[in-house]
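A.B. asks: Build me a model:
(one chain, ligands or ions: 1)
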Amino acid sequence: MANDEEKEAAARASLRFIQPGQVIGLGSGSTAARFIKLLGEEVRKGLRIRGIPTSVRSRELAESLGIPLTTLDECQEIAVTVDGADEVDPQLRLIKGGGGALLREKIVASATRQEIIVADASKQVATLGKFPLPVEVIRFSQALVAKKIAALGAHVELRTLSEGKPYVTDENNHILDCHFGAIQDPDKLAQQLSEMPGVVEHGLFIGMASVVLVARGNEIVELRR
Ligand code: 5RP
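C.D. replies: As a prediction, the model looks like this:
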């Protein structure tokens with residue numbers, strides 16, 4: 001089954017976690033976008049929920065579908081968030097941020113009771129790190145942070161757009177894509193990155209996913225912590 005169909009199947013499987021009246025975190029990326037579109041269909045059929053988007057892009061998509069939205073200013077408790085991931089390991093530790101939305105995604109996840117990750121089978125890995133780890137940095141600090149992360153063993157690249165300009169996040173920061181190869185101790189690396197001045201947030205999501213729905217061919221595999 002193609003990745004696209006698996007993404008659609010995983011997104012669809014997440015709908016059963018949604019209950020009327022809930023505040024729902026709306027993830028970012030192509031799999032989460034499929035979920036938002038399916039949620040939009042349910043809203044059109046009468047489902048009453050409010051969404052909190054994790055990126056400008058997801059907000060615009062949700063608005064275009066008529067999904068009622070709220071903000072973290074108004075509501076600090078989110079029942080369920082449905083989001084994607086770039087990699088998922090057997091302990092449900094994630095790499096996120098391939099789409100550049102890791103900061104708001106992690107903030108929303110931290111306010112969420114049930115974080116549901118939807119993924120195609122290509123995202124399931126034995127060890128995190130083949131996918132470059134995104135690290136969001138204050139621009140002022142980016143060279144210094146890049147040097148420190150390189151000293152931890154990564155090849156570090158500033159994320160750029162096709163025309164060569166740096167990619168700018170929704171919070172106006174830059175992203176360093178850090179190629180570690182296999183990350184043997186994600187918990188330790190997460191701690192090291194969090195302690196670096198100038199790092200706003202990193203894409204290791206540890207202890208945050210409650211359920212991961214992996215679409216593998218015609219099957220949905222449900223993983224729980
Ligand atoms: C965005 C993310 C996405 O969830 C992640 O990149 C997966 O994207 P996709 O569903 O398009 O494969 O973390 O910041």
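
A.B. asks: can you list the residues that contact the longest helix along the chain?
C.D. replies: Among the segments of the chain that qualify as a helix by DSSP state H, the longest is helix 30-44. For helix 30-44, contacts defined as Cβ atoms under 8 Å, 6 or more residues apart in numbering pick out 7-8, 10-12, 14-15, 18, 24, 26-27, 47, 49, 51, 54, 57-58, 61-62, 65-68, 82-84, 99, 118-120. Using the backbone N, CA and C atoms, a C-beta is placed for each residue, glycine as well.

A.B. asks: What of stretch 107-114?
C.D. replies: So stretch 107-114 is contacted by 17, 25, 52, 54, 72, 76-81, 83, 115, 205, 208, 210-211 (Cβ under 8 Å, 6+ apart).

A.B. asks: list the buried ones in that stretch?
C.D. replies: Residues 107, 108, 109, 111, 112 are the ones in stretch 107-114 that count as buried (16 or more other Cβ atoms under 10 Å).

A.B. asks: Could you check the longest helix of the chain and say which residues are buried?
C.D. replies: In helix 30-44, counting by 16+ other Cβ under 10 Å, buried: 31, 32, 33, 34, 35, 36, 37, 38, 39, 40, 43.

A.B. asks: Can you give me the distance of the last one to the ligand?
C.D. replies: What it means is residue 43. Distance of residue 43 to the ligand, computed by Cβ to the nearest ligand atom, to the nearest Å: 21 Å.

A.B. asks: where does that residue land on pLDDT?
C.D. replies: What the model reports for residue 43 is a pLDDT of 98.

A.B. asks: Next: the one 4 residues further on.
C.D. replies: Reported pLDDT at residue 47 in the predicted model: 98.

A.B. asks: Can you give me every residue that contacts it?
C.D. replies: Going by Cβ under 8 Å, 6+ apart, residue 47 touches 18, 20, 39.

A.B. asks: Look through the chain and tell me its longest strand.
C.D. replies: The longest strand of the chain (DSSP state E) is strand 112-120.

A.B. asks: partner strands of it, parallel or antiparallel?
C.D. replies: Looking at strand 112-120 with DSSP bridges, its partner strands are strand 78-83 (parallel), strand 211-216 (parallel).

A.B. asks: which residue is nearest the middle of the protein?
C.D. replies: residue 96 (4.6 Å; Cα atoms, centre = their mean).
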